[in-house]
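Asker: Pasting a predicted model and its sequence here:
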Amino acid sequence: MSSEQIKKKPIFQKLDLDGYVKQFQTFLAREKPVAMMGDINQHYRYIKALSRVEFPTPKPVPNLDAELARIKKQAILSLDEIYAFVTMFSYFNTLSSVGFTEPLISWIQGIEIPDEIVEIIGYFTQEGEINPERDPELYKLERAIKQNKKEIKETLYKLAHSSRLRDYLVDTQVHFNGGEETLLVRGGFNNAIKATVVARSAAGYFYILPQSISYLKEKQSALISNKEQIIFRYCKEISAVFFKWERFLAFINKEYDRFDHYQARVSFARAKEYEFILPSKSKRIKLQDFAHPAIENPVPISMDFNKQIMLVTGVNAGGKTMLLKSMLSAVYMSKYLLPFKCDASKTEVGHYKSIEAVIDDPQSVKNDISTFAGRMQEFAKLFNKEDAIVGVDEIELGTDSDEAASLFRVMLDELRKKGISFIVTTHHKRLASLMATDDEVELIAALYDEERRMPTYTFLQGSIGKSYAFETAQRYGVPVAIVNQAKKVYGEDKENLNELIEKSTSLEREMRTKIAKIDEELETIEKKKAKLEEEEFKLQEQHRKAIATLENRYNAATKKAREALKAKESTEGRRLLNVAHQRKDFKQKAFVKEDVTPLKEGDKVKYRSHKGELVSLRGKDATIIVDGLKMRVPLSQLKRRGEELKAKLKPKPHVPKADINVEKSGASVSVKLLGMYADEALETVDKFLSDALVNNLSEVQIIHGTGGGVLSKLVSEYLKKHPKIGTFYKMPGNMGITVVEL
């Protein structure tokens, strides 16, 4: 393959997305490029809106650019060409009745089809023919053609079953040959029938057209010719209308393509259960459970690449190249709003102006170019690009590893200054070590299962991976003795280095597992904390409502007391009212303030759910010991152990809640219970009777009203049980008053 051929190879083929793209194109109504012109954010809004509704599938329509050019020149289109435009008109008419939401509804309703075009739609049947019921002459011709066909068929049937032709017939079927209905006969048929030979079969038989149906054939031709003249007249008239509305036809053709882009993406996503990812402005690729569409039963990829260079090392045949292709594929599909499999809520893909893949071996005997020289040509082109993402597979391919490591290190540094991001796979431990200390380099190791002696197709960020060349060779059938001899030649020192690399990777993996477990536990604790805070808020709200209720009842009671005192002045009543006001305190704080005594070294403290001891203080941070482990934590998150927030509720005031009319000794006393709740009424009666007994009153009145009789019944039951009550009775006349004798 020449370098020119490699240059022309589309990026989606390099990324193994050609099968995916072909599948997507089957959902298009007509073939077109994958890319959409215009604002990608607007396209995304339309696609998401279309995803929420059901819509009819558009019919296939050919590319009509040539037909539009001919319309400009006042050419006459064929019936099929006209019907292609009619198909688009009809589809947009159908879409107007779909229950779209914004922004789709404004767009579709904004496409107004002119009345002359709407009338043309009515000319056609579903099969794309002119409807004969709209034209009496065409209707007669259609019936005549149908009848003539019937006569031809019947005539041929009679001949095929006639006794005079029986000996010459090969079979009794009617054969279509060259568009003609014929009979298949043997030689000598002219002794039995006059006919014209249409063709000869491979077996030497003859396809004949009997002379008896020739006149029917001529009649058929004449009828069809008349029909074609009528069809031509319609084509001429419709083409003239199309010329008048040429700009509208160009517009509807463009809008049909636009909607086709949207519907194909939505239909493809529904069929495959894929997700759409809108490219973000950040230069970050964060994949969660991504699956490359070319792989069957893939191991999902979760990767976060937010630096400029990703350096992938590790086991041979462990998925390094597929990781590279997956990352670039996600960028490609996101760039063109093509759906793919992932967790959309946790996936983010940045926008890049261009996508480049240096993957293939560029070596070509024809052009006298080596592998390394071809790679240098590819890299030389990158110096003319900006805002790109580039994937380079096996960067060390074709030259000395130590020299290449230094060269590629410098080139990668220079190219990233131009805003180019790289995803690089390599077995160069020297290149990896040269770039490992760079903050803008993300190290990725392809992992290997030592027990199963197979790659896991999973990856570990922040580590350099071992190649496992010897293990891979043995797995693919190289004899063990050969592998062992190769290890000796390789050298113990380098093998020890590989073991250190693997040990570092294992420790990193173990550490991240523990961190993930701690994060999970922390998330559980945070959820419990949020639940407790929610319960605390509910209790505070209940407490506030209770206080408000008590205050409202108190205000109502004191109001009634003031009204009673206005009606009949009482010094004792005024004194009790003043006492009630002095005891009232509804603005009390629900809780005590926390002890503000500063923490000091040696204090027993609590950090989240952990109990420990404060060792030292340093600014806003503190060092504590928890289960023998020192931890440095924010001082603000520490609490002295044993502290609890205690409520300092003041004593509940003893407030008279009834409207009491008090008269001097010897006078009758009454109390009103109207409008009170049951518990409030009983408390009022109890206080009222106690005061009456203290003042040596002999008779009092309890005014409970008639109403439903609930208060009356409660008062009666209470009086029956009171030890100091002599007798009580209802005041005559249904006044709602109970008289009590003490």
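Answerer: Right, received. Where do you want to start?
Asker: I figured Cys224 hits Lys146, correct?
Answerer: If you look again at residue 224, you'll see it is Ile, not Cys. No. Assessed by Cβ atoms under 8 Å, Ile224 is found out of contact with Lys146, at 11.7 Å. Every C-beta, even on glycine, is put in place using the N, C-alpha and C of the backbone.
Asker: residues touching Phe55, list them.
Answerer: Applying Cβ atoms under 8 Å, 6 or more residues apart in numbering, we find Phe55 in contact with 95, 98, 263.
Asker: Make JSON lines out of these and add pLDDT, secondary structure and distance to Phe379.
Answerer: JSON lines is the format used below for these (pLDDT from 0 to 100; DSSP: H, G, I helix; E, B strand; the rest coil; distance: Cβ to Cβ, whole Å):
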{"residue": "Leu95", "pLDDT": "91", "secondary structure": "helix", "distance to Phe379": "49"}
{"residue": "Val98", "pLDDT": "87", "secondary structure": "coil", "distance to Phe379": "51"}
{"residue": "Gln263", "pLDDT": "96", "secondary structure": "helix", "distance to Phe379": "41"}
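Asker: Closest to Arg375 out of those?
Answerer: Gln263 (42.3 Å; Cβ to Cβ).
Asker: What is the neighbour count of that closest one?
Answerer: 20 (other Cβ atoms under 10 Å).
Asker: Could you report the separation of it from Phe55?
Answerer: Distance, Gln263 to Phe55, using Cβ to Cβ, to the nearest Å: 7 Å.
Asker: Which member of the contacts of Phe55 is positioned nearest Ala481?
Answerer: For Ala481, the nearest member of the contacts of Phe55 is Gln263. The distance, counting by Cβ to Cβ, is 62.4 Å.
Asker: The one helix or strand in the chain whose mean pLDDT sits lowest: what's the following helix or strand?
Answerer: Lowest by mean pLDDT, DSSP states H and E among the helices and strands of the chain is strand 659-661, with a mean of 42. As assigned by DSSP states H and E, the chain's next helix or strand after strand 659-661 is strand 669-672.
Asker: List the pairing partners of that next one within its sheet, with orientation.
Answerer: strand 659-661 (antiparallel), strand 699-703 (parallel) (DSSP bridges).
Asker: quick one: it to chain centroid distance?
Answerer: Distance, stretch centre to chain centre, for strand 669-672: 71 Å (Cα atoms, centre = their mean, to the nearest Å).
Asker: So for it, mean pLDDT?
Answerer: The average of the pLDDT scores along strand 669-672 is 80.
Asker: Need the three-state assignment for Ile208.
Answerer: Assigned with DSSP: H, G, I helix; E, B strand; the rest coil, Ile208 falls in the strand class.
Asker: Pretty sure it sits against Val185.
Answerer: Yes. With contact defined as Cβ under 8 Å, Ile208 counts as touching Val185 (5.7 Å).
Asker: ok, Asp387 - contacts?
Answerer: Contacts of Asp387 (Cβ under 8 Å, 6+ apart): 352-354, 419-420.
Asker: what about burial for the residues you listed, which qualify?
Answerer: Neighbour-count burial within the contacts of Asp387 applies to 352, 420; the criterion is 16 or more other Cβ atoms under 10 Å.
Asker: Just give me the closest of the contacts of Asp387 to Val198.
Answerer: Looking across the contacts of Asp387 and measuring by Cβ to Cβ, the closest to Val198 is Ser354, at 61.8 Å.
Asker: Report pLDDT for that closest one.
Answerer: Ser354 carries a pLDDT value of 91.
Asker: gap between it and Lys381?
Answerer: Here the criterion is Cβ to Cβ. By it, Ser354 lies 11 Å from Lys381.
Asker: which stretches of the stretch 251-400 of the chain have low pLDDT?
Answerer: The model of the stretch 251-400 of the chain has pLDDT under 70 over residues 315-318, 360-371, 397-400.
Asker: mind listing the strands for it?
Answerer: 285-290, 301-305, 309-314, 348-349, 354-358, 388-392 (DSSP state E, counting those that start in this stretch).
Asker: Distance from the chain centre to whatever helix or strand comes next after the last one, please.
Answerer: Think strand 388-392. Counting by DSSP H and E, the next helix or strand C-terminal to strand 388-392 is helix 401-416. Its chain's C-alpha centre and that of helix 401-416 lie 40 Å apart, by Cα atoms, centre = their mean.
Asker: Mind listing residues that contact the next helix or strand after helix 401-416?
Answerer: Per DSSP H and E, helix 401-416 leads on to strand 421-425 as the next helix or strand towards the C-terminus. Applying Cβ under 8 Å, 6+ apart, the contact partners of strand 421-425 are 283, 305, 308-313, 320-321, 323-324, 327-328, 352, 388-395, 412, 415-416.
Asker: how about Asn384, phi and psi?
Answerer: phi -100, psi 10 (degrees, to the nearest 10).
Asker: Tell me how many other residues surround it.
Answerer: By the measure other Cβ under 10 Å, the count of residues near Asn384 is 7.
Asker: For Pro10, see how far away it is.
Answerer: Distance, Asn384 to Pro10, by Cβ to Cβ: 20 Å.
Asker: isn't there a helix covering Pro600?
Answerer: You called it Pro, but residue 600 is Lys. No. Counting by three-state DSSP, Lys600 is not part of a helix but coil.
Asker: Burial check on it, number of neighbours?
Answerer: Using other Cβ under 10 Å, Lys600 has 9 other residues around it.
Asker: Ignoring the adjacent residues along the chain, who's closest to it?
Answerer: In space, Lys600 comes closest to Leu614 once its chain neighbours are excluded; the distance is 7.2 Å by Cβ to Cβ, 6 or more residues apart in numbering.
Asker: Bridged to that neighbour, which residues?
Answerer: Going by DSSP bridges, Leu614 is paired in beta bridges with Ile624.
Asker: What distance do you get for it to Ser636?
Answerer: 13 Å.
Asker: Which one's more surrounded, these two?
Answerer: Taking other Cβ under 10 Å, Leu614 and Ser636 do not tie; Leu614 has more neighbours (21 against 8).
Asker: right, so of the strands of the stretch 251-400 of the chain, which gets closest to Lys341?
Answerer: Nearest to Lys341, of all the strands of the stretch 251-400 of the chain, is strand 285-290, at 6.9 Å by Cβ to Cβ.
Asker: which other helices and strands contact the closest one?
Answerer: Judged by 3 or more Cβ pairs under 8 Å, 6 or more residues apart in numbering; DSSP states H and E, strand 285-290 is in contact with strand 301-305, helix 320-335, strand 348-349.
Asker: For the last one, give me every contacting residue.
Answerer: The reference is to strand 348-349. With contact meaning Cβ under 8 Å, 6+ apart, strand 348-349 is reached by 277, 279-280, 282, 284-287, 330-331, 334.
Asker: Tell me the buried residues within those residues.
Answerer: For the contacts of strand 348-349, a burial check counting by 16+ other Cβ under 10 Å picks out 277, 279, 285-287, 330-331, 334.
Asker: where does the stretch 51-200 of the chain have low pLDDT?
Answerer: Using pLDDT under 70, nothing in the stretch 51-200 of the chain is flagged.
Asker: just the strands in it please.
Answerer: Using DSSP E, counting those that start in this stretch, the strands found in the stretch 51-200 of the chain span residues 175-177, 180-185, 195-200.
Asker: quick one, the last one and strand 180-185 angle?
Answerer: Read that as strand 195-200. 90 degrees (axes from the mean of the first three to the mean of the last three Cα atoms, to 10 degrees).
Asker: Export strand 195-200 to CSV, keeping only CA atoms.
Answerer: Extracted in CSV, the C-alpha atoms of strand 195-200 (Å, rounded to 0.1, in the frame of the first residue of the first chain):
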residue,chain,number,x,y,z
ALA,A,195,-46.8,-17.6,-35.2
THR,A,196,-43.7,-15.5,-34.9
VAL,A,197,-40.5,-16.9,-33.3
VAL,A,198,-39.4,-14.5,-30.5
ALA,A,199,-36.4,-16.5,-29.2
ARG,A,200,-34.9,-20.0,-29.0
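Asker: and it, what other elements does it pack with?
Answerer: Checked by 3+ Cβ pairs under 8 Å, 6+ apart, strand 195-200 has strand 180-185, strand 206-210 packed alongside it.
Asker: Could you list the paired strands of that strand along with their orientation?
Answerer: Sheet pairing of strand 195-200 (DSSP bridges) gives strand 206-210 (antiparallel).
Asker: Fine, thanks again, bye for now.
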